[in-house]
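Q: Give the three-dimensional model of this entry:
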Amino acid sequence: MAESVRLVHPQHLRKNPDNPRLIFRQKELEELQRSIAKQGILVPLTVFKEGRGFRLLDGERRWRCAIKLGLSSVPVIVQPKPLRLQNLMMMFAIHHARKDWDPLPTAIMLQELEKEFRARQGRDPSEVELAGLASMSRGEVRRLKKLLGLPKEYREELLEELKKPRSEQVLTVDQVLEVTTAARALRKRGIVEAKKEDRLRRAVIKKFRDKIEVNTVAPRLLARLARGVQRNEVSLSTARRVVDRLASDSRYSISDAFRDSVEQADFEHGIEQLVERVVAKLKEHKRRRYKMSERLVDALRGLAQKIERMLGE
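A: Sure, this is the predicted structure:
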């Protein structure tokens with residue numbers, strides 16, 4: 001059972017190695033430090049007893065500020081000491097609701113949670129089990145696992161980016177994920193050779209850094225290019241040409257590559273799908289033995305006339 005609030009010297013507290021928050025931005029710490037200097041620590045830290053001191057469960061930023069300010073005591077609530085698996089679960093539960101949770105450090109700690117479960121249960125957790133342990137949705141778990149699948153150099157690069165003040169960050173986790181997914185789709189369709197996949201990824205990431213690309217989901221156009229090759233809407237040689245230029249020309253954008261290859265075919269494919277849906281709806285209307293209203297008849301006739309005029313132009 002948890003104890004009531006008590007005062008503890010900050011030097012008697014130690015950080016928790018299982019804290020999913022690995023990034024502590026200096027500017028944010030300074031803002032919190034000014035607030036604590038003025039008002040004190042309003043929300044007690046959560047800790048558990050360990051040896052002669054205490055281990056933090058929640059409140060590492062407040063603790064860091066207290067050390068910096070030279071406070072003689074901080075308010076804490078002492079919880080029973082958990083097992084490591086419980087500790088990891090508690091850390092995830094405490095921090096999950098926080099908006100400033102960085103995804104890559106969270107992914108790293110999710111991997112630790114998975115390892116601890118495996119050590120205790122002798123098997124890997126299912127996606128549902130892992131989501132429950134981390135107080136997350138299955139979609140969030142999948143996204144974090146994609147991050148863990150990035151090459152080490154990209155993870156390290158993103159961690160360095162996350163250390164910057166948010167206003168100075170240029171590259172985001174989602175941008176790297178989108179680029180990686182797009183490059184993989186192009187490789188699977190034979191548009192990019194495996195040995196050139198990383199070259200393309202690097203080139204597009206640089207375009208994000210240089211602000212040539214500003215739309216995070218722009219790489220999805222490259223996946224549409226890959227589908228265009230699969231549907232024979234654009235030749236493999238054309239796709240390879242624009243993708244090669246995308247990798248070599250620093251000013252050539254994803255939208256440029258899309259326009260120069262599959263844009264028209266992709267747009268027309270969308271029209272074809274709309275036509276198929278209209279036909280399917282009309283067939284369903286007939287199966288239900290509905291009597292066609294005058295309004296619907298007029299709409300269909302008007303559509304037919306417009307189509308005839310457009311085809312005749």
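Q: Specify the residue ranges that define each domain of this protein.
A: Annotated domains of the chain cover 6-147, 170-261, 273-312 [automatic domain parsing].
Q: Residue 164: which of these is closest?
A: domain 6-147 (7.5 Å; C-beta to C-beta). For the C-beta atoms, the positions are set from N, CA and C on the backbone; glycine is no exception.
Q: how far does that closest one sit from the chain's center?
A: Relative to the chain's own centre, domain 6-147 is displaced by 20 Å; criterion: C-alpha atoms, centre = their mean, to the nearest Å.
Q: quick one: average confidence on that domain?
A: For domain 6-147, mean pLDDT is 85.
Q: winner for burial among the domains of the chain?
A: domain 170-261 (a mean of 18; mean count of other C-beta atoms under 10 Å).
Q: What is the end-to-end distance of that one?
A: 29 Å (C-alpha to C-alpha, to the nearest Å).
Q: related to what we said a few turns ago, Serialize the domains of the chain to JSON lines and add fields for distance to residue 153.
A: JSON lines is the format used below for the domains of the chain (distance: least, C-beta to C-beta, whole Å):
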{"stretch": "domain 6-147", "distance to residue 153": "13"}
{"stretch": "domain 170-261", "distance to residue 153": "9"}
{"stretch": "domain 273-312", "distance to residue 153": "40"}
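Q: which stretch among these comes nearest residue 156?
A: domain 6-147 (9.7 Å).
Q: What's the end-to-end length of the closest one?
A: Terminal residues of domain 6-147 are spaced 40 Å apart (C-alpha to C-alpha).
Q: Check stretch 5-14 too.
A: One end of stretch 5-14 sits 18 Å from the other (C-alpha to C-alpha).
Q: Excluding chain neighbours, what is closest to residue 109?
A: Among residues not flanking residue 109 along the chain, residue 20 sits closest, at 4.1 Å (C-beta to C-beta, 6 or more residues apart in numbering).
Q: Name all residues that make contact with residue 219.
A: 178, 179, 181, 182, 183, 204, 254 (C-beta atoms under 8 Å, 6 or more residues apart in numbering).
Q: rerun that using 10 Å as the cut-off
A: 175-183, 185-186, 201, 204, 208, 213, 254 (C-beta atoms under 10 Å, 6 or more residues apart in numbering).
Q: now residue 36
A: By C-beta under 10 Å, 6+ apart, residue 36 lies in contact with 42, 61, 62, 65, 66, 68, 69, 71, 74.
Q: tell me the phi and psi of it?
A: For residue 36, the backbone dihedrals are phi -70, psi -40 (criterion: degrees, to the nearest 10).
Q: now the one 10 residues further on
A: Recorded main-chain torsions at residue 46 are phi -110, psi 130, according to degrees, to the nearest 10.
Q: Confirm for me that it is in contact with residue 77.
A: Yes: using C-beta atoms under 10 Å, residue 46 makes contact with residue 77 at a distance of 5.3 Å.
Q: roughly how far apart are residue 143 and residue 65?
A: Remark: distance between residue 143 and residue 65 (C-beta to C-beta, to the nearest Å) = 31 Å.
Q: quick one, what contacts the residue lying closest to residue 12 once chain neighbours are set aside?
A: Of all residues not flanking residue 12 in the chain, residue 53 sits nearest, at 4.3 Å (C-beta to C-beta, 6+ apart). By C-beta under 10 Å, 6+ apart, the contact set of residue 53 is 8, 9, 11, 12, 13, 14, 47.
Q: Would you mind giving both backbone torsions of the fourth one?
A: I take that to be residue 12. Main-chain dihedrals, residue 12, degrees, to the nearest 10: phi -90, psi 0.
Q: thinking again about what came up before, so for residue 161, which of the domains of the chain sits nearest?
A: Closest approach to residue 161 among these (C-beta to C-beta): domain 170-261, 5.1 Å.
Q: Any figure for the gap between residue 170 and residue 154?
A: Distance from residue 170 to residue 154, by C-beta to C-beta: 14 Å.
Q: just the helices in the stretch 1-150 of the chain please.
A: Taking DSSP state H, counting those that start in this stretch as the criterion, the stretch 1-150 of the chain contains helices spanning 26-39, 60-69, 84-95, 103-121, 127-133, 138-148.
Q: could the ones you listed be laid out in JSON lines, adding distance to residue 247?
A: Shown next, in JSON lines, are the helices of the stretch 1-150 of the chain (distance: least, C-beta to C-beta, whole Å):
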{"stretch": "helix 26-39", "distance to residue 247": "36"}
{"stretch": "helix 60-69", "distance to residue 247": "42"}
{"stretch": "helix 84-95", "distance to residue 247": "39"}
{"stretch": "helix 103-121", "distance to residue 247": "25"}
{"stretch": "helix 127-133", "distance to residue 247": "35"}
{"stretch": "helix 138-148", "distance to residue 247": "22"}
